[in-house]
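In: predicted model and sequence follow; I will ask about them next.
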Amino acid sequence: MACCAIQAVRARARRCRRRLLRHKEDAVTPSPALRLLRAGAVVREALVPWVRAGINGVLLPVPWRTAGDPAVPLDADIAADENTPVVEMVRSQAQQLRGLGVRCFFDIALDRVARDAAPTTCRVEWLQTEGDLPELDPRLPVEALQTRTVRGDTDAFVDSWVQRLTAWVDAGVDGFYLQRPQGLPAKTLRELFTRLRQQAPEVAFIAATQGMRPEEIRQRASVGFDWSVNSLPWWDGRADWLADEDWRLREMAPVLAPVAVDADARAAWLAAFCGDGLLIEGDPASGPSESVAQAVEWHTRARHHGPLTVVGGQAGRATVLLRRSAQDETVALAISPAGESSCKIDIPPLAGLLTPGPLSHLDGPEALRPRAGSLGDSQCALLIWRGPMEVKPGERLPRDERSPQAPRLAIENVEPTLEVEGLPVKCIAHEPLTVRATIIMDGHDKLAADLCWRPCDGNSWQRVPMRLLGNDRWEAAFVPERIGAHEYRIQAWQDIWAGYCHEWHSKHDAGQSIITPLHEGLAWLERTVAQAERLGAKAEHLGRLKRAVKAVRQVLDGKADVGEVLKQLCEPSLLQIIRDTAERPHARSSNIYALRVDRNRARYANWYELFPRSQAQDRHGRFDDVVERLPDIRAMGFDVLYLTPIHPIGERNRKGRNNSLKAEPGDVGSPYAIGSAHGGHDAVAPELGTLEDFERLVHAAQAHGMEVALDFAIQCSPDHPWLKRHPNWFSWQADGSLRYAENPPKRYEDIVNVAFYEGPPQWRRKTALWRALRDIVLFWAERGVRIFRVDNPHTKPLPFWQWLIAEVHLQYPDTVFLAEAFTRPAMMYRLAKVGFTQSYTYFTWRNHRQELVDYFTELSSEPVASFYRPHFFVNTPDINPYYLQSHGRPGFLARAALAATGSGLWGIYSGFELCESAALTGREEYLDSEKYELRPRDWHQPGNIRSEITKLNAIRRANPALQSHRGFDPLTAWPESVIAYLKRAPGGANVVLIVINLDPQQALEAVVRMPSSHGEAEDLLTGTRTGWGDGMARFRLTPEAPYAIWRLPADPIGA
């Protein structure tokens, strides 16, 4: 009986989740978005300007009898005049609003009634009991003297309110703003909403969620609210909690942002940006302020949706809030955190959050356009990246005609580059690529250099002046905006004018004559003027050059002060004009180097791996069961859902449980044994559903802000259709039998290998096989999959991967390939060089402090960091690390913190959040491995670390330093079992301190030597702030909390 009861409860829960999921999918982009004005009454003259501005709903107090609080009834059915039925008053107000073309909402509280409420409003048995003489209890709020609290858990209570609200809806009411939804049980709210919507399907409910605890929100996420309300008025313009709250509220419903009727530009645009809808509060009689009117008008046509990300501004930088649009654009609002208009908008640290494409300012009023990279008087700026604008294949540009035959200049040690010509280094769109080179020429003459770059479909080079670092080392950076193939080179030349300026100043300061070098400089400057005229230079540039000629002549004629003229001749603006115009003696260009620019998910993503077949509790899972789990996975902060192979599984040699050679009836086999009578790599296992079901999953994941990643395993079962159609594609042994897959000492009897090349004597590649494998990837890309985890790529030819990835990128440039290769380092690096976007690593087996420091340093430094993006998976279906087996829940927490802070890419295989570690004796393999059987789970079982994972992902979203593998800076820490390090975003715009106990089952005091000037730090786990005046930071690390994560003050801009 108990088992049946449990199954019944689970069945009800599944039905509830399905209803919620459908409700959420419908609410991803509400149409139309709600722009709700709170008003005390229907006054047409006051409301008309607001309707013109774009509001489409009015929130009114219910015209019932009250004892003070307008939302709390004394008599819910009789109006304040003690005569008119409330339903008649409601009908009148709704009709007036409908005449204005807006919806009618009422503000109600169902969890409280006036102390002397009419029996028809509240029966005595509905009330919570209270102690004697509550007026003498100082712990109670003042409102308790006038109100009583309703339990709301009786059928009669629900019946009463369903009947009443149904009558109001019939009278024209469109929805209700429910105060204190936490005051009623979730079950009551769900039943109330369900029954009311049976009569009025379009009725809307708004939850007044301000002040609700996270757990209270989660408990009511499934009841069916249409809107929630954020706490924007209390935000300080910098703190992370606004995005954390937004994330939680979206589990319940889309978000309304409150804004005052007379808000200034900064407040008005914040609300318009943060909210899917608006709640406009205050006296509407004076009409909307100019700022509010502009913000509301923009909101009526805005396309942004989905979760909010906040990157708090520090050290003179603006705070940046980001959201996505339905067209996959990134929309951002930059604001001053402290109300100052001088804040700079620092874009490069945000690269991990931005859509590829150029920056646009065309979607808002002129006041919201930045001025020279700073905020204007409105203290905010609206930014849009309208991606993706992929780079198309192009031709190489000819070499510069001025390049000499016998160059005096040498350009050496260019970084970053790969040693093999034509293979690219990597970055993502909006990420600066810093290039350094050694440039040498004989003598003491001055040099100049440009970093030249272009997307490969560009018809000219874009130039960035390089600066001398010292010891002949030069540096410059450029920021690509589009995804695809780019190239860059360095051009250097003798800088004649800089040489003259140096000579003039040196001799003049030493009291020597400069007449002769001035004559030489004048002649050279006159030639530059002539060249500028031939090149058709801008009039203002030509005029500036001629004024410089005139100034030199005046000095030579004794008519001008030498010192003042020298200042003019060496001004940066004149130097730039001469640089762009003058001859470039001895100019030399370097080789041309390749760059691959990817989208942000190539560098920053949070992966969650699961077996679709295990997502049901009492049967084989289907794609629809995965859809049901999406809200739960997204709530933990994951944005990539990685599915193990979804294809038909072979019958012949099928593996049984725990990799046994004999499968029993009902054993599901390994999903890596791909192919059966139902199809091969372009088919789905019928037990999972249909191809249409899979496409529905892909679209549902996108609606939740996630992407689906597929496992591309070039592995075939003996039943794969290709064996009959193309037997020559496979490896055969001398005895005529198929060659099974092996990874000695492991042998996979259920998998056979394809052969990529013909045997002797031709050794040619099997072109048809290569094309068939490419077409499989294109098949799934066409169905919305843009991320592929490739199984064991190191066992397939490198030329094949280089060709396949290039072929796919020609049609789908945004495709990401993850190499799952646990092999020799040189091969792992080579796979990245030939095209893999991301790579598995040795992180799984790096457990001690020094080996972790050495490995993180290697991965974050040149040359590796420019081509190898490490993906830190904490576990996999094949790898149950010894560390997790031996360190219990504290070990899971420690490894999660290491992975989530060590790289911009991290992932977990499902079950990690439940601290699963049961292993086959003496092996790094799971007992009862999910590779060979169904494994249903209780995803909320005691002892889980879901909340800790959720917090880690939230910290990653808010801190660009954690969105890349770069910026690792180890610190000295004690004792030996503690690792401490900083992660820095480009330019020091974001600096995070991480301290982790690698022996997490033991509580200890950790001591870390801090940088010399660290200032006050913020604890990102608790929100507290402190500083360490003696330069030694101390932390208490326990098994329950074996790590600390603090945000340090950012470096000043340009430091």
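Out: Great, that's in hand.
In: where exactly do the strands run in the stretch 651-800 of the chain?
Out: 707-712, 740-743, 746-752, 787-791 (DSSP state E, counting those that start in this stretch).
In: what segments of the stretch 651-800 of the chain are helices?
Out: In the stretch 651-800 of the chain, the segments counted as helices under DSSP state H, counting those that start in this stretch are 691-703, 721-725, 767-782, 798-811.
In: could I get these as CSV with mean pLDDT, distance to Ile996 and mean neighbour count?
Out: Any C-beta I mention is one placed from the backbone N, CA and C, and that applies to glycine too. Putting these into CSV (pLDDT from 0 to 100; distance: least, C-beta to C-beta, whole Å; neighbours: other C-beta atoms under 10 Å) gives the following:
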stretch, mean pLDDT, distance to Ile996, mean neighbour count
helix 691-703, 97, 32, 18
helix 721-725, 97, 48, 14
helix 767-782, 98, 38, 16
helix 798-811, 97, 35, 18
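In: and those as TSV, adding distance to Glu191?
Out: Output for those, formatted as TSV (distance: least, C-beta to C-beta, whole Å):
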stretch	distance to Glu191
helix 691-703	27
helix 721-725	52
helix 767-782	43
helix 798-811	51
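In: closest one to Tyr909 among the ones you listed?
Out: helix 691-703 (17.8 Å; C-beta to C-beta).
In: counting by contacts, list what the closest one packs against.
Out: With contacts taken as 3 or more C-beta pairs under 8 Å, 6 or more residues apart in numbering; DSSP states H and E, helix 691-703 sits against helix 2-26, helix 623-635, strand 707-712.
In: check for me that Leu522 belongs to a strand.
Out: No: under DSSP: H, G, I helix; E, B strand; the rest coil, Leu522 sits outside any strand and is assigned helix.
In: name the SS class of the nearest residue to it once chain neighbours are set aside, please.
Out: Closest residue to Leu522 apart from its sequence neighbours, by C-beta to C-beta, 6 or more residues apart in numbering: Val552 at 4.6 Å. With three-state DSSP as the basis, Val552 sits in helix.
In: and Val552, what is it in contact with?
Out: Applying C-beta atoms under 8 Å, 6 or more residues apart in numbering, we find Val552 in contact with 518, 521-522, 525, 565, 569.
In: make it 10 Å
Out: By C-beta atoms under 10 Å, 6 or more residues apart in numbering, the residues touching Val552 are 500, 518-519, 521-523, 525-526, 560, 565-566, 568-569.
In: next: Arg622.
Out: Here Arg622 is in contact with 612-613, 615-616, 628, 685-690, 693, 697 (C-beta under 10 Å, 6+ apart).
In: out of the residues you listed, which is most surrounded?
Out: Within the contacts of Arg622, neighbour counts (other C-beta atoms under 10 Å) peak at Pro612, which reaches 27 neighbours.
In: quick one: it and Ala781, what's the gap?
Out: 19 Å (C-beta to C-beta, to the nearest Å).
In: tell me the pLDDT of Gly131.
Out: Gly131 is assigned 64 on the pLDDT scale.
In: separation between the residue minimising distance to the centre of the chain and Asp639?
Out: By C-alpha atoms, centre = their mean, the chain has its centre lying nearest to Leu353, at 4.8 Å. For Leu353, the distance to Asp639 (C-beta to C-beta) stands at 11 Å.
In: now list whatever residues contact both of those two.
Out: Here Leu353 and Asp639 have 604, 957 as joint contacts, going by C-beta under 10 Å, 6+ apart.
In: circling back to that earlier point, comparing the strands of the stretch 651-800 of the chain by mean pLDDT, which bottoms out?
Out: The stretch with the lowest mean pLDDT among these is strand 740-743, at a mean of 81.
In: tell me the buried residues in it?
Out: 740-741 (16 or more other C-beta atoms under 10 Å).
In: with stretch 409-418 instead?
Out: For stretch 409-418, by 16+ other C-beta under 10 Å, it's 409, 411, 414-418.
In: cool, and stretch 274-292?
Out: Buried residues in stretch 274-292, counting neighbours by 16+ other C-beta under 10 Å, are found at 274-282, 284, 287-289, 291-292.
In: of those, closest to Met252?
Out: Asp276 (12.3 Å).
In: which residue is the nearest non-sequential neighbour of the closest one?
Out: In space, and not counting its chain neighbours, Asp276 is closest to Pro254: 3.9 Å by C-beta to C-beta, 6+ apart.
In: surely the one you found touches Cys274?
Out: No: if you go by C-beta atoms under 10 Å, Pro254 and Cys274 don't touch, sitting 11.5 Å apart.
In: wasn't Gly835 part of a strand?
Out: No: counting by three-state DSSP, Gly835 falls outside a strand, being coil.
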